[in-house]
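Participant: sequence first, predicted coordinates after that:
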Amino acid sequence: MTDSYGWTGKDRRVQRIIHSASGTTFLVPLDHSLADGPVASAAGFGGLVEAMAANEVDGIIVHKGRVRFLPADALGRLALIVHLNGSTQHAPDADEKILVGAVEEAVALGADGVSVHINLGSGTEAAQLTDLGAVAGSCARWGLPLLAMVYPRGPRITDPADPVLLAHAANVAADLGADIVKLPYTGSPVTMREVVEASPIPVVTAGGGVHADSGTFLDLIDSTMESGVLGVAVGRNVFQAADPGALARSVARRVHAGPRSLEPLAALRQELSEAAL
């Protein structure tokens, strides 16, 4: 639905996900506990979320059941994105992502958005694409932004950072109704810009493997932001850091310094408004 000023519910929720001054976003996925095991102790998880809220992170990504254990005050300062599918590292095919939540559940939890993970090129790609399309339809009905995490992973994928392949992944997300797409970084701001320019929707990049040296990792964030992405979604490199809050703050300040304009936000709002017509 659209209000008298032309804004939809999805528009309003997007405002929670994107930093108002910079038009960029820094998200911290904390959904790894389903796939890989605990990212912190039961008591420490809440403290980790508190640290994210206190250090300029824009939003977190968690599974539906985790929301009930999160500190309400911290959630008041963070966008909440509920992740709707998953698998564990113990499965016969860890690349097979199964829906474990619904958009309606995320709405009931007060989520600002939902996310779905797709492994492009996996043995179960067809089922995952079907799920993405169905979730996008529900998001359109409920006015909830959809972040599609589209990773090239499968027996026929030889270079998961190939810009041509990542541009295809971005367009898969857009064609099936996602509002933002999360992709691996190509490793170069020049080739990543090609991916961004080929994508009809804003792109955020994944943090990638864990970097032992924080300086090297922060240089990577600077390089990524030069490509014109909407922002970054960094999990392990933050929550496995010796001081997650301090590293999050350093990342946030780099992300919120660029791309030095509100163009990504304006483009996203225009796209969402047109979709609502």
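Facilitator: All right, it came through fine.
Participant: endpoints of stretch 203-217, how far apart?
Facilitator: Terminal residues of stretch 203-217 are spaced 19 Å apart (C-alpha to C-alpha, to the nearest Å).
Participant: typo on my end, stretch 177-184
Facilitator: From start residue to end residue, stretch 177-184 stretches across 20 Å - C-alpha to C-alpha.
Participant: again with stretch 62-75
Facilitator: 12 Å.
Participant: same deal with stretch 37-47?
Facilitator: Start-to-end span of stretch 37-47 (C-alpha to C-alpha) is 18 Å.
Participant: other residues contacting that stretch?
Facilitator: Applying C-beta atoms under 8 Å, 6 or more residues apart in numbering, the external contacts of stretch 37-47 come out as 30, 32-33, 48, 66, 69-71, 74, 89, 235, 239-240. For the C-beta atoms, the positions are set from N, CA and C on the backbone; glycine is no exception.
Participant: please enumerate the helices of this structure.
Facilitator: Assigned by DSSP state H, the helices in the chain fall at 9-17, 32-35, 42-54, 72-75, 103-108, 125-142, 163-175, 189-198, 214-225, 236-239, 244-255, 263-276.
Participant: list the buried residues for the fifth one?
Facilitator: Read that as helix 103-108. Within helix 103-108, the residues that qualify as buried are Val103, Glu105, Ala106, Val107, counting by 16 or more other C-beta atoms under 10 Å.
Participant: with the second one instead?
Facilitator: Under the neighbour-count criterion of 16+ other C-beta under 10 Å, helix 32-35 has His32, Ser33, Leu34 buried.
Participant: next: the third one.
Facilitator: Counting neighbours by 16+ other C-beta under 10 Å, one finds that the buried residues in helix 42-54 are Phe45, Leu48, Val49, Glu50, Ala51, Met52, Ala53.
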